[in-house]
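Peer 1: For reference, the sequence and a predicted model appear below.
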Amino acid sequence: MGSVFGKRYDPARDAEELEELRDMVNEGFDLLSAFNWCDYLPWLNYFYDPFRIHERCLKLVPRVRKLVAGIIEDHRLNKSRRKCDSCDFVDVLLSLDGEEKLEEDDMVAVLWEMIFRGTDTTALLTEWIMAELVLHPEIQEKLQRELDGAAKDGNLTDSEVANLPYLKAVVKETLRVHPQAHSFRGPGCPRQTRRICPGKNLGLVTVTLWVAKLVHQFQWVQDLANPVDLSEVLRLSCEMKKPLQAVALQRTGVST
Ligand code: HEM
């Protein structure tokens, strides 16, 4: 949310908006992963929609438009107060001019896609990495040694973790073993079309920093009542069938 909307949500202060956002993302995932007869037989839409896909989409669209258009409007109003080095993705879209200028509806669509596609992928990759590290304590230990060497003042920043070879290898190896391919492909999307991720760099930087902070600060061990299970389930992305549960032990000598 920070890099796309330039907004950090405070669970106490922004509880209502946060809940609305979470609910909309969940509903979007449900709708995209639901089997929809009309993808194959569009004319069926008029009299057979057992999962109420059409009706639910019609309800979701104005909610998304209201929330995202409100954020765009806030950015327009605060334009003069914002410094360039705190620019976010909304500012970038608003700054487009001439032939590149976007209509508001297009901006809403682009921003929603970034939120929607950027959240589960980054969270799931982090979850897979942490699961593998719980199962491989020797790798976790080696990673901690690398992170201890890189941390200045006990804290880790983007730039400190950017070039750590072992951390990079852990992230890439997890992506190789648990690839995050999205499963949907509509009838209009030809088989040979290669889709690529425009948020790849942002996603990898985010996951790398999260993992670095989690592993530097804590030692992660099995929760014996809920052992790590690497079984997969393919929804929009490849998820853990049994969400990760693990125990975090504060590492001694690392300041909080
Ligand atoms: C490490 C995290 C991420 C992984 C593993 C990942 C993975 C992918 C993959 C495999 C695809 C293409 C496959 C498909 O949908 O058919 C994709 C598409 C996409 N991703 Fe990511 N992604 C990540 C982070 C992000 C972030 C942070 C954003 C935005 C802020 C983002 C935005 C998008 C968008 C908009 C598309 C659709 C592109 C299109 O339709 O042509 N992703 N992602």
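Peer 2: Structure received.
Peer 1: Enumerate the positions of stretch 67-78 that are buried.
Peer 2: Using 16 or more other Cβ atoms under 10 Å as the test for burial, stretch 67-78 gives L67, V68, A69, I71, I72, H75. Where you see a C-beta, it was placed from the backbone N, CA and C, and this is true even at glycine.
Peer 1: again with stretch 200-215
Peer 2: L202, G203, L204, T206, V207, T208, L209, W210, V211, A212, K213, V215.
Peer 1: Tell me the one of the residues you listed nearest the ligand?
Peer 2: G203 (2.6 Å; Cβ to the nearest ligand atom).
Peer 1: Which residue is the nearest non-sequential neighbour of the closest one?
Peer 2: Excluding the flanking residues, the one nearest G203 by Cβ to Cβ, 6 or more residues apart in numbering is T122, at 5.0 Å.
Peer 1: my read is that neighbour is in a strand, agree?
Peer 2: No. Under DSSP: H, G, I helix; E, B strand; the rest coil, T122 falls outside any strand and is assigned helix.
Peer 1: Show me which residues of the stretch 151-256 of the chain sit near the ligand.
Peer 2: By Cβ under 6 Å from any ligand atom, the residues of the stretch 151-256 of the chain that approach the ligand are Q180, A181, H182, R195, C197, P198, G199, K200, L202, G203, L204, V207.
Peer 1: right, and the fifth one touches L204 too?
Peer 2: No. Counting by Cβ atoms under 8 Å, no contact exists between C197 and L204, whose distance comes to 9.8 Å.
Peer 1: picking up where we left off before, pick out the lowest-pLDDT one from the buried residues of stretch 200-215.
Peer 2: Looking at the buried residues of stretch 200-215 by pLDDT, the weakest one is L202, with 89.
Peer 1: where does that residue sit relative to L224, distance-wise?
Peer 2: 36 Å (Cβ to Cβ, to the nearest Å).
Peer 1: Also V108?
Peer 2: According to Cβ to Cβ, V108 and L224 sit 47 Å apart.
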